[in-house]
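Participant: Give me the fold of what follows.
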Amino acid sequence: MQQAGSLKKRSKRNLTKVSGLSKILYNEAEDLFDGTSVSTSGDRNKKPKLNLRISDFLQESRCSSSKERITRDPTFYMEIHDNTFDEDYVDYNSGSHLYLDAGGMKERPYFLDKLTIRRLRQILFLGLFSGTFPWIWNSKKNRIDKWNRGCEKAWKIMWVILFIHTSVLTLYQGNLVLESIPKGPNATYRKFFMGFVSLFWYFFATIFNINILIYQDSIRLYINTLFRFNFEFVKKYVLDLDGYVDGGRSVMILSIPSNMFQVFVSVLSFLAMPFQPWFLFSYVYPKPWYWLIPGAIQDFVVVGQVITSYTLHQWLVVAHTNSMEFWLRESHRNYDSGNTIDDLRHPKTAVETYRMLQIVCASFNDCVGPLSFPMMKLHIVSALIPCGVVFIRSLNHFFIDEFPGIR
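Facilitator: Next up is the predicted model:
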């Protein structure tokens, strides 16, 4: 069969060796194309002039209005707008970015507007005096710093004392609420309503204290991470944010100030009516005026801790949502809002931005998701109970007799 030629041995083909395939001819950092390493034509001692610059081709392409790509790289992305292309060009492979001194850096260097940052400082100020967390706002670096170790240990001792205090008062107020349940069709609901409101404050002061103790470092690190992330991206990509309006304005303008004002209303209510049965001071009333000072401080601390924790979670949700929404929208290709430069919509930069947003969202979920959201839902549902009592009693004449006036 071998003689018949069916298993005839094939002759080897002469393969020409090709050199220079592993060499990188274009140095993007220096904008230089070196073709001398693969050129074999002509005299080897006299190499042709093959050192070319891509910027020269770009200049020729602008003059000839040609839209052909200079490179065969599939990730190449270029949009010619004007003669400032070379100044705004970003070297993505080397990881270096241009920092633009634009209007966004002057007006909103951390993307968040002045009102949002002011609300955070007010929340931290209230939390400082109510003993909610051992933090202080650093105005120079625009970040939250912890107290020193000595002050932090003192805060933990104070936290234990307040936790025991509020826990005991929660159990006591719960017992009073059970005893004040109205019996009979004509029974008054006033004592039950005010007792439940007092129980509401003490119960959630205890729960919020536990939440802050567990997640205080995570919340602080997330806020600092959000500020740092926004600062770096605004510095790199933002052109102008003068006409941009954030979401959640009703929370920043109405909700947070009204909730913080409720702390002082609660203290004034105690000072004006210390004899009411839902205040513990009613058991020792009447006493001299200076006996009201410990009760006012205790009321300020309990209500202040609840309001501080609640408004801080409100601020976290609004600031996080505004930041993530803006950067996700601006990184979409062909989205031209005039707020950011086109380099942000480069495919590689968009992927890097998305990955950074994933890291920020993971940090947000670690500090807010596990306990804070369920607790806020319980807070809202529990607040609906006394509101429901008022609504039900308003359907008949008992509302007029019980709720408008203070007896």
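
Participant: got the contact list for the nearest residue to Phe364 once chain neighbours are set aside?
Facilitator: What sits nearest to Phe364 in space, not counting adjacent residues and going by CB to CB, 6 or more residues apart in numbering, is His320, at 5.2 Å. Placement of C-beta: from N, CA and C, glycine included. The contact partners of His320, taken as CB atoms under 8 Å, 6 or more residues apart in numbering, are Leu226, Val360, Cys361, Phe364.

Participant: distance of His320 from Asn230?
Facilitator: His320 sits at a distance of 11 Å from Asn230 (criterion: CB to CB, to the nearest Å).

Participant: swap in Met194?
Facilitator: 44 Å.

Participant: ditto for Ile385
Facilitator: Per CB to CB, Ile385 is found 39 Å from Asn230.

Participant: where does the stretch 1-150 of the chain dip in pLDDT?
Facilitator: 1-106 (pLDDT under 70).

Participant: redo that, cut-off 90
Facilitator: For the stretch 1-150 of the chain, the stretches flagged by pLDDT under 90 are 1-109, 131-134, 136, 139-142, 146-149.

Participant: rewinding a little: between Ile385 and Asn230, point out the one with more neighbours.
Facilitator: Neighbours per residue (other CB atoms under 10 Å) separate Ile385 from Asn230, with Asn230 holding more: 22 against 12.

Participant: With the flanking residues excluded, which residue is spatially nearest to the more buried one?
Facilitator: Among residues not flanking Asn230 along the chain, Phe111 sits closest, at 3.9 Å (CB to CB, 6+ apart).

Participant: Wasn't that neighbour part of a strand?
Facilitator: No - when classified by DSSP: H, G, I helix; E, B strand; the rest coil, Phe111 is found to be coil rather than part of a strand.

Participant: sorry, back to before: mind checking which of the contacts of His320 are in helices?
Facilitator: Leu226, Val360, Cys361, Phe364 (DSSP state H).

Participant: My guess is the residue nearest to Asn230 contacts Glu330. True?
Facilitator: No - using CB atoms under 8 Å, Phe111 is not in contact with Glu330, being 10.6 Å away.

Participant: Look at the two and report which has more neighbours.
Facilitator: Higher neighbour count among Phe111 and Glu330: Phe111, with 23 against 20, using other CB under 10 Å.

Participant: contacting residues for that one?
Facilitator: For Phe111, the contacting residues are Gly104, Asn230, Phe231, Phe233, Val234, Val238, Leu241, Asn322, Ser323, Phe326, by CB under 8 Å, 6+ apart.

Participant: same question, Phe203
Facilitator: Each residue near Phe203 by CB under 8 Å, 6+ apart is listed here: Thr170, Gly174, Ser382.

Participant: can you pick the most crowded of the residues you listed?
Facilitator: Busiest of these [other CB under 10 Å] is Thr170, holding 21 neighbours.

Participant: Tell me if I'm right that that one and Trp201 touch.
Facilitator: No - using CB under 8 Å, Thr170 is not in contact with Trp201; the gap is 9.2 Å.

Participant: where does the residue nearest to Phe364 land on pLDDT?
Facilitator: We have a pLDDT of 93 for His320.

Participant: how close does it get to Pro294?
Facilitator: Here the criterion is CB to CB. By it, His320 lies 39 Å from Pro294.

Participant: now do Val160
Facilitator: Distance from Val160 to Pro294, by CB to CB: 19 Å.

Participant: got it, and Val381?
Facilitator: 32 Å.

Participant: give me the element the nearest residue to Pro370 once chain neighbours are set aside is part of.
Facilitator: Closest residue in space to Pro370, ignoring its immediate chain neighbours: Tyr215 at 7.9 Å, by CB to CB, 6+ apart. Using DSSP states H and E, Tyr215 maps to helix 190-237.

Participant: what is the rounded mean pLDDT of that helix?
Facilitator: Mean predicted lDDT for helix 190-237 stands at 86.

Participant: Report all helices and strands that the helix or strand following that helix contacts.
Facilitator: Counting by DSSP H and E, the next helix or strand C-terminal to helix 190-237 is helix 249-250. Using 3 or more CB pairs under 8 Å, 6 or more residues apart in numbering; DSSP states H and E, no helix or strand is in contact with helix 249-250.

Participant: just the angle between the helix or strand following helix 249-250 and helix 190-237, please?
Facilitator: Per DSSP H and E, helix 249-250 leads on to helix 256-272 as the next helix or strand towards the C-terminus. Here helix 256-272 runs at an angle of 150 degrees relative to helix 190-237 (axes from the mean of the first three to the mean of the last three CA atoms, to 10 degrees).

Participant: ok, and what's touching helix 256-272?
Facilitator: 119, 122-123, 126, 130, 201, 279, 281, 292, 295-296, 299-300, 303-304, 307, 310-311, 314-315.
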